[in-house]
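Q: Could you work out the structure for the sequence below:
(4 chains)
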There are 2 protein chains.
Amino acid sequence: MSDKYAWAPIRTEPAYRVAAQALRTRIVTGEIAVGSVLPSETAMAEMLEVNRSTIREAIRLLEENGIVARKPGGKKLFVTIPTRADLSERMTTAMVLQEITLEELWATMIALEPAAAAAAAGNATDAHITALEANLKATEANIDNKESLLELDLEFHELIADACGNRALQLSREPIGSLFYPAFDAVFSRLNAGERLLVAHTRIVDALKARDRETAVEWMRKHIVDFRRGVELANLDMSRPAKGASH
Amino acid sequence: MSDKYAWAPIRTEPAYRVAAQALRTRIVTGEIAVGSVLPSETAMAEMLEVNRSTIREAIRLLEENGIVARKPGGKKLFVTIPTRADLSERMTTAMVLQEITLEELWATMIALEPAAAAAAAGNATDAHITALEANLKATEANIDNKESLLELDLEFHELIADACGNRALQLSREPIGSLFYPAFDAVFSRLNAGERLLVAHTRIVDALKARDRETAVEWMRKHIVDFRRGVELANLDMSRPAKGASH
DNA sequence: TGCATCTTTTTTGTCCGACAATCCGACATA
DNA sequence: TATGTCGGATTGTCGGACAAAAAAGATGCA
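A: Okay, the predicted model is just below:
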């Protein structure tokens, strides 16, 4: 009956949020350049004609967004670009709260990691290769040290992501990779996965060196599939949330 | 001279940040349940023995993180789970600021979208199929209306993502999809891509209905490759940043 | 001039107190 | 049951204050 009229609910945005938005637009449009320093709080408060407290709350919003920051131990407020780690952490906590399952994470990984390997085959520089080879050596040396192995495996995949030179890909896979940590841990501590892991990693690096895209992709795929088998052999439930990501 | 000793720089975290962290840990550990309502600002200020202004700044941090929020037009503060749109927007602005190229976005998309199609072939419910068919009908009806076509295409891919039931995948592809908007726009306004698009979409939905995973993946792949050709035919530079993603 | 040290001015982080708006629940009334 | 009224609780915003630390300026010296 009252559906006859469409009522737009009246609602006022708090000032701290419109202030934040005002600053944000000035930043993304480039009016305030990235890297430049913002005016003092009092100055901004005067410009926007609000109290300093209000401006401070607005700044907190942008700060958590990662688009403004202070250098450690400094007072000046700079315009910055959100860090990868920054975004990744946010994504990660969101995924933890949503109780995303290992199954979901894995399905995403098997899509992203081979793609990263493919791109890396095309874009990896000598520096990247060197870093990867160092990682291989370390893996070989710590083949029986479960803990180091865990770290090294994670590092390996991050190096591949770095080498692929695709920042969108990096941003997408990082939070997921970090969520695998506990699962990795379980697998490594129950299975002797070191050998298989090293073989796969080695093959991948070899393929990158030869710029052999197909092989790199294929071994990465195998590697991820292998991980899944490891998870199942370790009696982990793929359909359960992969929680507990508090470093 | 004083280099003889390694001085760990003394640095105090501002109170508003430790307060935020205190609340955050209580939330992610489950001590404060998701969906429950937090104490009033004054109450929290008393508990943590800080001023209300400080607590308010802490709340702004969590608020922007999306883990606390107020119901629209309400005063009570609830513990919430970050929305997809929420995270997506953050990611998007980050990508804009980093000036990520179309090339990078596309490479990520061609990894994610077929994966989404694959999962959708297994998990799509009748409701999902119905929504997709409605989208197809609308596309057919608006085959010449470039603007609607753009919206509908975006919607189609989001429906696929919904249907795949993989939240990790959804979280990963959403920000990237939204960044394609301007490129889509350019393609649609210069090329007559409607027919090809409709064919691909139809084939995909048919495959989903038949639970034919292979076909769904293959057509999705073709569809994305096709988009790339469209971009090139429209004379867009894949290696230029895809900026201008304001909502 | 360039550099190191001292001084002054800004600026931030934190506190206090205040007040209008308005949401929320209780209660009374028709 | 639905509506009108009231009072307490809370939020958003403001103003002012102050110590500590950083930034900017001034000074002296090589």
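
Q: Can you tell me which helices and strands the lowest-mean-pLDDT helix or strand in chain A packs against?
A: Using mean pLDDT, DSSP states H and E, the weakest-scoring helix or strand in chain A turns out to be helix A:181-190, at a mean of 84. Helix A:181-190 sits against helix A:146-164, helix A:213-233, with contacts defined as 3 or more CB pairs under 8 Å, 6 or more residues apart in numbering or on different chains; DSSP states H and E. Using the backbone N, CA and C atoms, a C-beta is placed for each residue, glycine as well.

Q: Mind listing residues that contact it?
A: A:102, A:146, A:149-150, A:153-154, A:193-194, A:227, A:230-231, A:233-236, A:242-245 (CB atoms under 8 Å, 6 or more residues apart in numbering or on different chains).

Q: Show the buried residues in those.
A: A:102, A:146, A:149-150, A:153, A:193-194, A:227, A:230-231, A:234, A:236, A:242-243, A:245 (16 or more other CB atoms under 10 Å in any protein chain shown).

Q: what's the closest of those residues to A:A138?
A: A:L149 (9.5 Å; CB to CB).

Q: where does that closest one land on pLDDT?
A: Here the pLDDT value assigned to A:L149 is 90.

Q: Can you classify A:N235 by secondary structure?
A: coil (DSSP: H, G, I helix; E, B strand; the rest coil).

Q: in the least confident helix or strand of chain A, what's buried?
A: So, applying 16+ other CB under 10 Å, buried residues of helix A:181-190: A:Y181, A:A183, A:F184, A:V187, A:F188.

Q: same thing with stretch A:215-231?
A: Buried-residue list, stretch A:215-231, by 16+ other CB under 10 Å: A:215-220, A:222-224, A:226-228, A:230-231.

Q: Next, format those as a markdown table and append distance to DNA strand C and pLDDT.
A: Output for the buried residues of stretch A:215-231, formatted as a markdown table (distance: CB to the nearest atom of the strand, whole Å; pLDDT from 0 to 100):
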| residue | distance to DNA strand C | pLDDT |
| --- | --- | --- |
| A:T215 | 52 | 97 |
| A:A216 | 46 | 97 |
| A:V217 | 47 | 97 |
| A:E218 | 51 | 97 |
| A:W219 | 48 | 97 |
| A:M220 | 44 | 97 |
| A:K222 | 50 | 96 |
| A:H223 | 45 | 95 |
| A:I224 | 43 | 96 |
| A:D226 | 48 | 93 |
| A:F227 | 43 | 92 |
| A:R228 | 46 | 93 |
| A:G230 | 46 | 90 |
| A:V231 | 44 | 89 |
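
Q: Distance check, the nearest residue to A:G230 once chain neighbours are set aside against A:L154.
A: Spatial nearest neighbour of A:G230, excluding adjacent residues (CB to CB, 6 or more residues apart in numbering or on different chains): A:V187 at 4.3 Å. Distance of A:V187 to A:L154, computed by CB to CB, to the nearest Å: 13 Å.

Q: same question, A:L102
A: From A:L102 to A:L154 the distance is 16 Å (CB to CB).

Q: Quick check: residues of chain A near DNA strand D?
A: Within chain A, the positions adjacent to DNA strand D are A:14-16, A:49-54, A:57, A:71, A:73-76 by CB under 7 Å from any atom of the strand.

Q: Domain map for chain A?
A: A:15-79, A:85-233 (automatic domain parsing).

Q: Quote the end-to-end distance of the longest one.
A: Distance between the two ends of domain A:85-233: 32 Å, counting by CA to CA, to the nearest Å.

Q: now for the helices and strands packed on helix A:181-190, which one comes closest to A:T139?
A: helix A:146-164 (4.8 Å).

Q: Could I get the CA-only coordinates of that closest one as PDB?
A: C-alpha atoms of helix A:146-164 as PDB (Å, rounded to 0.1, in the frame of the first residue of the first chain):
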ATOM      1  CA  LYS A 146      60.500 -29.200   8.800                       C
ATOM      2  CA  GLU A 147      60.300 -25.600  10.100                       C
ATOM      3  CA  SER A 148      62.800 -24.100   7.700                       C
ATOM      4  CA  LEU A 149      61.300 -26.100   4.900                       C
ATOM      5  CA  LEU A 150      57.900 -24.500   5.600                       C
ATOM      6  CA  GLU A 151      59.400 -21.000   5.500                       C
ATOM      7  CA  LEU A 152      61.400 -21.800   2.400                       C
ATOM      8  CA  ASP A 153      58.500 -23.200   0.500                       C
ATOM      9  CA  LEU A 154      56.500 -20.100   1.200                       C
ATOM     10  CA  GLU A 155      59.400 -18.000   0.200                       C
ATOM     11  CA  PHE A 156      59.800 -19.900  -3.000                       C
ATOM     12  CA  HIS A 157      56.300 -19.200  -4.100                       C
ATOM     13  CA  GLU A 158      56.600 -15.600  -3.200                       C
ATOM     14  CA  LEU A 159      59.800 -15.400  -5.300                       C
ATOM     15  CA  ILE A 160      57.900 -16.800  -8.200                       C
ATOM     16  CA  ALA A 161      55.200 -14.200  -7.700                       C
ATOM     17  CA  ASP A 162      57.800 -11.500  -7.600                       C
ATOM     18  CA  ALA A 163      59.400 -12.800 -10.800                       C
ATOM     19  CA  CYS A 164      56.200 -12.900 -12.700                       C
END
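
Q: what's the next helix or strand after it in contact with?
A: Sequence order places helix A:167-179 as the next helix or strand after helix A:146-164, per DSSP states H and E. By CB under 8 Å, 6+ apart, the residues outside helix A:167-179 that reach it are A:84-85, A:87-89, A:91-92, A:95-96, A:100, A:105, A:108-109, A:112-113, A:115-116, A:119, A:154, A:157-158, A:161-162, A:164, A:242, A:245, B:91, B:94-95, B:98, B:100, B:104-105, B:107-108, B:111-112, B:168, B:172, B:176.

Q: Now do helix A:167-179 against helix B:167-179: the angle between them, please.
A: Interaxial angle, helix A:167-179 versus helix B:167-179 (axes from the mean of the first three to the mean of the last three CA atoms, to 10 degrees): 160 degrees.

Q: Count the neighbours of A:L77 for me.
A: 20 (other CB atoms under 10 Å in any protein chain shown).

Q: so it sits right up against A:L62, yeah?
A: No - look at A:L77 against A:L62 with CB atoms under 8 Å: they stay out of range, at 9.1 Å.

Q: what's the overlap in contacts for these two?
A: Shared contacts of A:L77 and A:L62, counting by CB under 8 Å, 6+ apart, come down to A:V68.

Q: that older thread, the contacts of helix A:167-179, buried ones only, as a ChimeraX selection?
A: To isolate the buried ones among the contacts of helix A:167-179 in ChimeraX, judged by 16+ other CB under 10 Å, type:
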select /A:84,87,88,89,91,92,95,96,100,105,108,109,112,113,115,116,119,157,158,161,162,164,242,245 /B:91,94,95,98,100,104,105,107,108,111,112,168,172,176
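
Q: So which of the contacts of helix A:167-179 sit within helices?
A: A:84-85, A:87-89, A:91-92, A:95-96, A:105, A:108-109, A:112-113, A:115-116, A:119, A:154, A:157-158, A:161-162, A:164, B:91, B:94-95, B:98, B:104-105, B:107-108, B:111-112, B:168, B:172, B:176 (DSSP state H).

Q: for A:L61, what are its contacts?
A: Applying CB under 8 Å, 6+ apart, one finds that A:L61 lies in contact with A:Y16, A:R17, A:A20, B:R60, B:E63, B:E64.
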